[in-house]
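**Q** I would like the atomic coordinates for the input below:
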Amino acid sequence: MSATPTASTSRGLHITLWVLQVLVGVGFLFIGGMKFGSLEEMAKQGATWALKMPWLPRFIGVSEVAGGLGLILPAATRIKPILTPIAAAALCVVMVLAAGYHVMANDVAHIAPALVFLALCAFIAWGRFTRAAIAPK
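**A** The predicted structure follows:
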């Protein structure tokens, strides 16, 4: 599950990125998986838009699950590891849209988590694109 860090890459950064990839990846798997549940339950929790556009939570769920897998699997298998920072960058887009939605909906409680996930995904993308890229097999 590890790749050899280059001479200019600190071991600490490499380990930090791995820890974040796994934690954020599992988080997105969980969050995305929840969007495949009952739309009525989502509406009860405040996501009333889910009943108006039932395809949207499913699309967001697929995007989050795919992104979560993309944070972990390509780097772990070292098969096309460039897909890991690409997945992190794509999840940044998802989180910008999520934060924007929560701002527009005046849903203050959910803005901070979206921004935290955005920052973590941006750090992973930066780290894996520039400082601690993982070499393919």
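**Q** following element in sequence after the helix or strand where Ala66 lies, please.
**A** Assigned by DSSP states H and E, Ala66 falls within helix 55-77. Note on helix 55-77: by DSSP H and E, the next helix or strand toward the C-terminus is helix 83-104.
**Q** and the contacts of stretch 90-99?
**A** Stretch 90-99 is touched from outside by 24, 28, 60, 63-64, 67, 70-71, 110-111, 114-115, 117-118, 121-122, 125, with contacts defined as C-beta atoms under 8 Å, 6 or more residues apart in numbering. For the C-beta atoms, the positions are set from N, CA and C on the backbone; glycine is no exception.
**Q** buried subset of these?
**A** Buried subset of these (neighbour count, 16 or more other C-beta atoms under 10 Å): 24, 28, 60, 63-64, 67, 70-71, 110-111, 114, 117-118, 121-122, 125.
**Q** among those residues, which pair sits farthest apart?
**A** Farthest pair in the buried ones among the contacts of stretch 90-99 (C-beta to C-beta) is Gly70 and Ile111. Separation: 24.5 Å.
**Q** could you report the distance from the closest residue to Ser63 other than its chain neighbours to Trp49?
**A** Closest residue in space to Ser63, ignoring its immediate chain neighbours: Val94 at 5.7 Å, by C-beta to C-beta, 6 or more residues apart in numbering. When distance is defined by C-beta to C-beta, to the nearest Å, Val94 is 16 Å away from Trp49.
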